[in-house]
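Peer 1: The sequence and its predicted three-dimensional model are supplied below.
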Amino acid sequence: AGEEKAFVIGFSQCTEGDAWRKAMHEEMEREASFYPELSLQIKDGKNSSVTQIKHIREFIDQGVDLLIVSPNEAEPITPVVEEAFSKGIPVIVVDRKTSSSMYTAYVGANNYQIGKLAGEYVAKLLNGKGRIIEVWGLRGSSPAIERHNSFVDAIAAYPDIEIVAEVSGEWEKEVAKERFPAVFNQQKDVDLIFAHNDVMALGAYESLQNRSVQQQLKFIGFDGLGGPNGGLQFVQDGILDATFLYPTGGEEIIQLAHDILHNKPFKKDNILNTTVIDDRNVHIMKQQSDKILAQEKNIERQQQKLYEQIQLFNNQRTLSYVLLAS
Ligand code: FRU
(Lines give C-alpha, C1' and ligand atoms only; values in the text may rest on other atoms or scores of the structure.)
Protein backbone atom coordinates (compact mmCIF):
# COMPACT_ATOMS: atom_id res chain seq x y z
CA ALA A 1 0.00 0.00 0.00
CA GLY A 2 1.33 3.42 -0.95
CA GLU A 3 1.44 6.36 1.44
CA GLU A 4 -1.64 8.56 1.10
CA LYS A 5 -0.97 12.08 -0.13
CA ALA A 6 -1.00 14.71 2.63
CA PHE A 7 -3.02 17.90 2.18
CA VAL A 8 -2.57 21.26 3.87
CA ILE A 9 -5.75 23.29 4.39
CA GLY A 10 -5.37 26.97 5.23
CA PHE A 11 -8.29 28.63 6.98
CA SER A 12 -8.38 32.42 7.04
CA GLN A 13 -10.87 33.20 9.78
CA CYS A 14 -12.13 36.79 10.21
CA THR A 15 -11.96 36.46 13.99
CA GLU A 16 -11.36 33.73 16.50
CA GLY A 17 -12.48 35.75 19.50
CA ASP A 18 -16.11 34.69 20.01
CA ALA A 19 -17.87 31.53 21.19
CA TRP A 20 -19.54 30.91 17.83
CA ARG A 21 -16.24 30.72 15.94
CA LYS A 22 -14.59 28.75 18.75
CA ALA A 23 -17.38 26.16 18.38
CA MET A 24 -16.79 26.14 14.62
CA HIS A 25 -13.08 25.44 15.11
CA GLU A 26 -13.71 22.64 17.59
CA GLU A 27 -16.07 20.96 15.12
CA MET A 28 -13.57 21.37 12.30
CA GLU A 29 -10.67 19.98 14.30
CA ARG A 30 -12.69 17.00 15.51
CA GLU A 31 -13.86 16.22 11.98
CA ALA A 32 -10.36 16.71 10.54
CA SER A 33 -8.95 14.25 13.08
CA PHE A 34 -10.86 11.49 11.29
CA TYR A 35 -8.82 12.17 8.14
CA PRO A 36 -5.13 11.80 9.04
CA GLU A 37 -4.09 13.04 5.59
CA LEU A 38 -5.60 16.49 6.27
CA SER A 39 -3.78 19.12 8.27
CA LEU A 40 -5.65 22.29 9.17
CA GLN A 41 -3.94 25.64 9.76
CA ILE A 42 -6.05 28.50 11.10
CA LYS A 43 -5.07 32.18 11.02
CA ASP A 44 -7.04 34.66 13.13
CA GLY A 45 -7.77 37.93 11.32
CA LYS A 46 -8.87 39.63 14.57
CA ASN A 47 -11.70 41.54 12.84
CA SER A 48 -9.26 43.28 10.48
CA SER A 49 -9.70 43.02 6.70
CA VAL A 50 -6.10 44.24 6.21
CA THR A 51 -4.76 41.42 8.39
CA GLN A 52 -6.99 38.91 6.65
CA ILE A 53 -5.73 39.92 3.19
CA LYS A 54 -2.17 39.41 4.47
CA HIS A 55 -3.08 35.96 5.83
CA ILE A 56 -4.66 34.83 2.57
CA ARG A 57 -1.61 36.00 0.64
CA GLU A 58 0.61 34.00 3.03
CA PHE A 59 -1.49 30.89 2.39
CA ILE A 60 -1.20 31.44 -1.39
CA ASP A 61 2.60 31.85 -1.17
CA GLN A 62 2.87 28.79 1.05
CA GLY A 63 1.06 26.78 -1.62
CA VAL A 64 -1.78 25.37 0.48
CA ASP A 65 -3.83 22.63 -1.19
CA LEU A 66 -7.13 24.26 -0.28
CA LEU A 67 -8.17 27.60 1.16
CA ILE A 68 -11.11 28.24 3.50
CA VAL A 69 -12.17 31.85 4.01
CA SER A 70 -14.77 33.56 6.16
CA PRO A 71 -14.43 37.14 4.86
CA ASN A 72 -14.47 39.88 7.50
CA GLU A 73 -15.97 42.29 4.95
CA ALA A 74 -17.10 41.30 1.46
CA GLU A 75 -15.58 44.03 -0.77
CA PRO A 76 -12.00 44.30 0.57
CA ILE A 77 -11.47 40.53 0.75
CA THR A 78 -12.84 39.73 -2.73
CA PRO A 79 -9.73 40.48 -4.92
CA VAL A 80 -7.31 38.29 -2.94
CA VAL A 81 -9.81 35.41 -2.86
CA GLU A 82 -10.22 35.75 -6.63
CA GLU A 83 -6.43 35.69 -6.92
CA ALA A 84 -6.19 32.40 -4.98
CA PHE A 85 -8.98 30.90 -7.06
CA SER A 86 -7.36 32.02 -10.35
CA LYS A 87 -4.12 30.37 -9.29
CA GLY A 88 -5.99 27.05 -9.09
CA ILE A 89 -6.33 26.81 -5.32
CA PRO A 90 -9.78 25.42 -4.43
CA VAL A 91 -11.56 27.97 -2.22
CA ILE A 92 -14.36 27.23 0.24
CA VAL A 93 -16.14 30.39 1.42
CA VAL A 94 -17.91 29.96 4.77
CA ASP A 95 -20.61 31.95 6.59
CA ARG A 96 -19.73 35.44 5.28
CA LYS A 97 -19.47 35.87 1.50
CA THR A 98 -17.25 37.73 -0.93
CA SER A 99 -18.90 39.83 -3.64
CA SER A 100 -17.83 37.49 -6.44
CA SER A 101 -18.72 34.08 -7.81
CA MET A 102 -15.05 33.11 -8.12
CA TYR A 103 -14.90 30.45 -5.44
CA THR A 104 -15.19 26.67 -5.46
CA ALA A 105 -17.94 26.14 -2.89
CA TYR A 106 -19.87 27.86 -0.11
CA VAL A 107 -21.06 26.58 3.28
CA GLY A 108 -23.46 28.56 5.46
CA ALA A 109 -27.08 29.33 6.21
CA ASN A 110 -29.11 31.64 3.98
CA ASN A 111 -28.93 35.00 5.74
CA TYR A 112 -31.58 36.55 3.55
CA GLN A 113 -33.97 33.76 4.54
CA ILE A 114 -33.32 34.02 8.30
CA GLY A 115 -33.64 37.81 8.26
CA LYS A 116 -37.00 37.40 6.57
CA LEU A 117 -38.07 34.80 9.11
CA ALA A 118 -37.06 37.24 11.85
CA GLY A 119 -39.05 40.09 10.29
CA GLU A 120 -42.19 37.98 10.03
CA TYR A 121 -41.72 36.74 13.59
CA VAL A 122 -41.29 40.27 14.93
CA ALA A 123 -44.39 41.50 13.06
CA LYS A 124 -46.44 38.83 14.85
CA LEU A 125 -44.78 39.44 18.20
CA LEU A 126 -45.58 43.17 17.98
CA ASN A 127 -49.08 42.60 16.63
CA GLY A 128 -48.24 44.68 13.60
CA LYS A 129 -47.25 47.82 15.52
CA GLY A 130 -44.04 48.93 17.20
CA ARG A 131 -40.79 50.85 17.38
CA ILE A 132 -37.53 49.00 16.81
CA ILE A 133 -33.85 49.71 17.40
CA GLU A 134 -31.59 47.68 15.09
CA VAL A 135 -28.14 46.64 16.32
CA TRP A 136 -25.99 46.01 13.27
CA GLY A 137 -23.18 43.52 12.69
CA LEU A 138 -20.16 44.84 10.78
CA ARG A 139 -21.63 47.02 7.98
CA GLY A 140 -19.48 45.58 5.18
CA SER A 141 -20.04 41.93 6.06
CA SER A 142 -22.57 39.96 4.02
CA PRO A 143 -24.70 38.53 6.88
CA ALA A 144 -25.27 42.03 8.31
CA ILE A 145 -26.35 43.40 4.94
CA GLU A 146 -28.57 40.40 4.15
CA ARG A 147 -30.19 40.19 7.60
CA HIS A 148 -30.95 43.91 7.44
CA ASN A 149 -32.34 43.89 3.89
CA SER A 150 -34.61 40.90 4.38
CA PHE A 151 -35.86 42.10 7.78
CA VAL A 152 -36.76 45.45 6.22
CA ASP A 153 -38.48 43.65 3.31
CA ALA A 154 -40.53 41.55 5.72
CA ILE A 155 -41.73 44.43 7.91
CA ALA A 156 -42.51 46.61 4.88
CA ALA A 157 -45.94 44.96 4.83
CA TYR A 158 -46.63 46.53 8.28
CA PRO A 159 -46.82 50.34 8.06
CA ASP A 160 -47.02 50.70 11.85
CA ILE A 161 -43.74 48.90 12.45
CA GLU A 162 -40.77 51.18 12.24
CA ILE A 163 -36.99 51.00 12.76
CA VAL A 164 -36.44 54.23 14.67
CA ALA A 165 -32.67 54.03 15.22
CA GLU A 166 -29.58 51.95 14.44
CA VAL A 167 -26.49 51.04 16.45
CA SER A 168 -23.25 49.77 14.86
CA GLY A 169 -22.37 46.81 17.05
CA GLU A 170 -19.78 45.30 14.65
CA TRP A 171 -20.82 41.78 15.73
CA GLU A 172 -19.20 42.29 19.17
CA LYS A 173 -21.02 42.19 22.51
CA GLU A 174 -18.79 44.84 24.13
CA VAL A 175 -19.15 47.28 21.22
CA ALA A 176 -22.96 46.96 21.32
CA LYS A 177 -22.96 47.33 25.10
CA GLU A 178 -20.94 50.52 24.92
CA ARG A 179 -22.83 52.20 22.06
CA PHE A 180 -26.40 51.14 22.80
CA PRO A 181 -27.35 53.44 25.73
CA ALA A 182 -26.63 56.73 23.92
CA VAL A 183 -28.92 55.74 21.04
CA PHE A 184 -31.59 54.24 23.29
CA ASN A 185 -31.77 57.33 25.53
CA GLN A 186 -32.66 59.53 22.56
CA GLN A 187 -35.72 57.43 21.74
CA LYS A 188 -39.18 57.23 23.23
CA ASP A 189 -41.43 54.19 23.47
CA VAL A 190 -39.08 51.61 22.03
CA ASP A 191 -40.66 48.14 21.90
CA LEU A 192 -38.04 45.82 20.50
CA ILE A 193 -34.30 45.45 19.94
CA PHE A 194 -33.45 43.64 16.71
CA ALA A 195 -29.78 42.62 16.95
CA HIS A 196 -27.90 40.88 14.13
CA ASN A 197 -26.53 38.33 16.62
CA ASP A 198 -27.26 37.03 20.11
CA VAL A 199 -24.20 38.42 21.85
CA MET A 200 -24.95 41.98 20.68
CA ALA A 201 -28.54 41.55 21.88
CA LEU A 202 -27.11 40.52 25.25
CA GLY A 203 -24.75 43.51 25.21
CA ALA A 204 -27.67 45.89 24.59
CA TYR A 205 -29.67 44.17 27.34
CA GLU A 206 -26.86 44.39 29.89
CA SER A 207 -26.17 48.04 29.05
CA LEU A 208 -29.62 49.02 30.32
CA GLN A 209 -28.98 47.92 33.89
CA ASN A 210 -32.48 48.95 34.96
CA ARG A 211 -34.42 45.73 35.46
CA SER A 212 -37.86 47.14 34.66
CA VAL A 213 -36.62 48.76 31.42
CA GLN A 214 -35.04 45.44 30.43
CA GLN A 215 -38.31 43.63 31.02
CA GLN A 216 -40.44 46.10 29.07
CA LEU A 217 -38.36 45.55 25.96
CA LYS A 218 -38.27 42.59 23.61
CA PHE A 219 -34.94 41.26 22.31
CA ILE A 220 -34.27 39.27 19.14
CA GLY A 221 -30.94 37.79 18.01
CA PHE A 222 -29.33 35.23 15.71
CA ASP A 223 -27.04 32.19 16.17
CA GLY A 224 -28.79 30.03 18.82
CA LEU A 225 -25.46 28.63 19.96
CA GLY A 226 -25.51 25.88 22.61
CA GLY A 227 -23.53 25.82 25.85
CA PRO A 228 -23.63 28.13 28.88
CA ASN A 229 -22.70 31.29 26.91
CA GLY A 230 -24.89 30.74 23.88
CA GLY A 231 -28.17 32.10 22.60
CA LEU A 232 -30.16 29.02 23.62
CA GLN A 233 -29.28 29.82 27.22
CA PHE A 234 -30.24 33.50 26.76
CA VAL A 235 -33.68 32.45 25.46
CA GLN A 236 -34.08 29.96 28.29
CA ASP A 237 -33.15 32.68 30.79
CA GLY A 238 -35.81 34.99 29.32
CA ILE A 239 -33.25 37.57 28.13
CA LEU A 240 -34.01 37.01 24.45
CA ASP A 241 -37.56 36.54 23.16
CA ALA A 242 -36.27 34.59 20.18
CA THR A 243 -33.15 33.64 18.29
CA PHE A 244 -32.73 32.27 14.79
CA LEU A 245 -30.45 29.25 14.48
CA TYR A 246 -27.31 29.98 12.46
CA PRO A 247 -25.28 26.77 12.41
CA THR A 248 -21.49 27.00 12.44
CA GLY A 249 -21.12 24.19 9.88
CA GLY A 250 -17.64 23.10 11.01
CA GLU A 251 -18.23 19.44 10.22
CA GLU A 252 -19.73 20.14 6.81
CA ILE A 253 -16.83 22.42 5.88
CA ILE A 254 -14.21 19.72 6.54
CA GLN A 255 -16.26 17.02 4.77
CA LEU A 256 -16.53 19.30 1.77
CA ALA A 257 -12.78 20.06 1.84
CA HIS A 258 -12.14 16.32 1.99
CA ASP A 259 -14.39 15.63 -1.01
CA ILE A 260 -12.87 18.42 -3.09
CA LEU A 261 -9.29 17.30 -2.31
CA HIS A 262 -10.10 13.69 -3.19
CA ASN A 263 -11.82 14.68 -6.44
CA LYS A 264 -15.18 13.43 -5.27
CA PRO A 265 -18.42 15.04 -6.47
CA PHE A 266 -19.59 18.02 -4.38
CA LYS A 267 -22.21 20.78 -4.41
CA LYS A 268 -21.18 24.40 -4.96
CA ASP A 269 -23.71 25.87 -2.53
CA ASN A 270 -24.19 24.03 0.74
CA ILE A 271 -26.97 25.78 2.62
CA LEU A 272 -27.35 24.92 6.31
CA ASN A 273 -30.75 24.64 7.96
CA THR A 274 -32.23 27.25 10.23
CA THR A 275 -35.20 27.59 12.55
CA VAL A 276 -36.75 29.95 15.08
CA ILE A 277 -36.10 29.27 18.77
CA ASP A 278 -38.35 30.83 21.39
CA ASP A 279 -40.03 29.79 24.64
CA ARG A 280 -42.08 27.16 22.80
CA ASN A 281 -39.13 25.00 21.76
CA VAL A 282 -36.06 26.26 23.62
CA HIS A 283 -36.31 23.55 26.27
CA ILE A 284 -36.03 20.63 23.86
CA MET A 285 -33.44 22.44 21.71
CA LYS A 286 -31.27 23.07 24.77
CA GLN A 287 -31.58 19.47 25.93
CA GLN A 288 -30.57 18.13 22.53
CA SER A 289 -27.71 20.56 22.15
CA ASP A 290 -26.38 19.73 25.66
CA LYS A 291 -26.50 16.06 24.75
CA ILE A 292 -24.60 16.61 21.51
CA LEU A 293 -21.99 18.69 23.34
CA ALA A 294 -21.53 15.87 25.88
CA GLN A 295 -21.15 13.29 23.10
CA GLU A 296 -18.60 15.49 21.38
CA LYS A 297 -16.60 15.64 24.61
CA ASN A 298 -16.76 11.83 24.75
CA ILE A 299 -15.41 11.51 21.23
CA GLU A 300 -12.53 13.81 22.17
CA ARG A 301 -11.79 11.73 25.29
CA GLN A 302 -11.80 8.52 23.28
CA GLN A 303 -9.46 10.02 20.73
CA GLN A 304 -7.11 11.06 23.54
CA LYS A 305 -7.19 7.50 24.97
CA LEU A 306 -6.48 6.04 21.56
CA TYR A 307 -3.57 8.40 21.12
CA GLU A 308 -2.15 7.37 24.52
CA GLN A 309 -2.46 3.69 23.60
CA ILE A 310 -0.58 4.25 20.35
CA GLN A 311 2.17 6.11 22.22
CA LEU A 312 2.41 3.26 24.72
CA PHE A 313 2.55 0.70 21.93
CA ASN A 314 5.29 2.61 20.12
CA ASN A 315 7.34 2.95 23.31
CA GLN A 316 7.07 -0.75 24.05
CA ARG A 317 8.01 -1.62 20.52
CA THR A 318 11.09 0.61 20.74
CA LEU A 319 11.95 -0.99 24.06
CA SER A 320 11.66 -4.51 22.68
CA TYR A 321 13.90 -3.61 19.72
CA VAL A 322 16.46 -2.27 22.16
CA LEU A 323 16.24 -5.44 24.24
CA LEU A 324 16.50 -7.69 21.18
CA ALA A 325 19.49 -5.80 19.88
CA SER A 326 21.43 -5.99 23.14
C1 FRU B 1 -19.47 35.32 14.89
C2 FRU B 1 -20.57 36.06 14.20
C3 FRU B 1 -21.92 35.45 14.50
C4 FRU B 1 -22.70 35.86 13.31
C5 FRU B 1 -21.69 35.65 12.24
C6 FRU B 1 -21.92 36.45 11.03
O7 FRU B 1 -18.21 35.87 14.62
O8 FRU B 1 -20.54 37.41 14.57
O9 FRU B 1 -22.44 35.88 15.71
O10 FRU B 1 -23.86 35.14 13.13
O11 FRU B 1 -20.44 35.99 12.80
O12 FRU B 1 -20.88 36.32 10.14
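Peer 2: Happy to help now that I have it. Numbers count the residues shown, from 1 in each chain.

Peer 1: Run through the strands of the stretch 201-326 of the chain in chain order.
Peer 2: 218-223, 242-245, 269-272, 276-278 (DSSP state E, counting those that start in this stretch).

Peer 1: Tell me the helices and strands packed up against the shortest one.
Peer 2: Looking back up the chat, that one is strand 276-278. Other elements packing on strand 276-278 under the criterion 3 or more Cβ pairs under 8 Å, 6 or more residues apart in numbering; DSSP states H and E are helix 111-125, helix 231-236, strand 242-245. Yep, even glycine has a C-beta here, placed from its N, CA and C like the rest.

Peer 1: re earlier: want to throw the strands of the stretch 201-326 of the chain into a markdown table with mean neighbour count, distance to Q295 and mean pLDDT?
Peer 2: Converted to a markdown table, those look like this (neighbours: other Cβ atoms under 10 Å; distance: least, Cβ to Cβ, whole Å; pLDDT from 0 to 100):
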| stretch | mean neighbour count | distance to Q295 | mean pLDDT |
| --- | --- | --- | --- |
| strand 218-223 | 26 | 21 | 98 |
| strand 242-245 | 25 | 19 | 98 |
| strand 269-272 | 14 | 20 | 98 |
| strand 276-278 | 19 | 20 | 98 |
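
Peer 1: so which of these gets nearest I92?
Peer 2: Nearest to I92 among those is strand 269-272 (9.0 Å), distances taken as Cβ to Cβ.

Peer 1: Give me the sheet partners of the closest one and which way each runs.
Peer 2: Its sheet considered, strand 269-272 pairs with strand 105-109 (parallel) by DSSP bridges.

Peer 1: ok, and what's touching the partner strand?
Peer 2: 90-97, 245-247, 249, 252-253, 256, 260, 266-274 (Cβ atoms under 8 Å, 6 or more residues apart in numbering).

Peer 1: Considering only those residues, which also neighbour the ligand?
Peer 2: The residues of the contacts of strand 105-109 that also fall near the ligand, by Cβ under 6 Å from any ligand atom, are 95-96, 246.

Peer 1: so what's E252 up against?
Peer 2: E252 makes contact with 107, 270, 272, according to Cβ under 8 Å, 6+ apart.

Peer 1: Let's see that with 6 Å instead.
Peer 2: V107 (Cβ atoms under 6 Å, 6 or more residues apart in numbering).

Peer 1: Quick one: the helices in the stretch 51-200 of the chain, in order.
Peer 2: Applying DSSP state H, counting those that start in this stretch to the stretch 51-200 of the chain gives helices spanning 74-86, 111-125, 142-155, 173-184, 198-208.

Peer 1: List the buried residues for the last one?
Peer 2: Right, the one you point to is helix 198-208. 198-205, 207-208 (16 or more other Cβ atoms under 10 Å).

Peer 1: for the first one, same thing?
Peer 2: By neighbour count, with 16+ other Cβ under 10 Å as the criterion, the buried positions of helix 74-86 are 74, 76-78, 80-82, 84-85.

Peer 1: List just the nearest of the residues you listed to L312.
Peer 2: In terms of Cβ to Cβ, no member of the buried residues of helix 74-86 lies closer to L312 than A84, at 42.1 Å.

Peer 1: confidence score at that closest one?
Peer 2: Looking at A84, its pLDDT is 98.

Peer 1: separation between Q288 and E296?
Peer 2: 13 Å (Cβ to Cβ, to the nearest Å).

Peer 1: Count residues in the vicinity of S39, would you?
Peer 2: Using other Cβ atoms under 10 Å, S39 is surrounded by 14 other residues.

Peer 1: for it, which residues make a bridge with it?
Peer 2: Assessed by DSSP bridges, S39 has beta-bridge partners V8.

Peer 1: Below-threshold pLDDT in the stretch 1-150 of the chain: ranges please.
Peer 2: For the stretch 1-150 of the chain, applying pLDDT under 70 flags the ranges 1-3.

Peer 1: Name the residues of stretch 274-294 that are buried.
Peer 2: Within stretch 274-294, the residues that qualify as buried are 274, 276-278, 282, 285-286, 289, 293, counting by 16+ other Cβ under 10 Å.

Peer 1: Run the chain-centre distance for it.
Peer 2: Its chain's average C-alpha position is 17 Å from that of stretch 274-294, according to Cα atoms, centre = their mean, to the nearest Å.

Peer 1: what does the stretch 101-250 of the chain put close to the ligand?
Peer 2: So far as Cβ under 6 Å from any ligand atom goes, the stretch 101-250 of the chain lies against the ligand at 137, 141, 143, 171, 197, 222-223, 246.

Peer 1: Name the nearest residue to the residue nearest in space to the middle of the chain, ignoring sequence neighbours.
Peer 2: With distances taken as Cα atoms, centre = their mean, T248 lies nearest the centre of the chain, 4.5 Å away. Excluding the flanking residues, the one nearest T248 by Cβ to Cβ, 6 or more residues apart in numbering is M24, at 3.8 Å.

Peer 1: For the one you found, pull up the helix or strand it's in.
Peer 2: helix 19-32 (DSSP states H and E).

Peer 1: Thanks again, I'm all set now.
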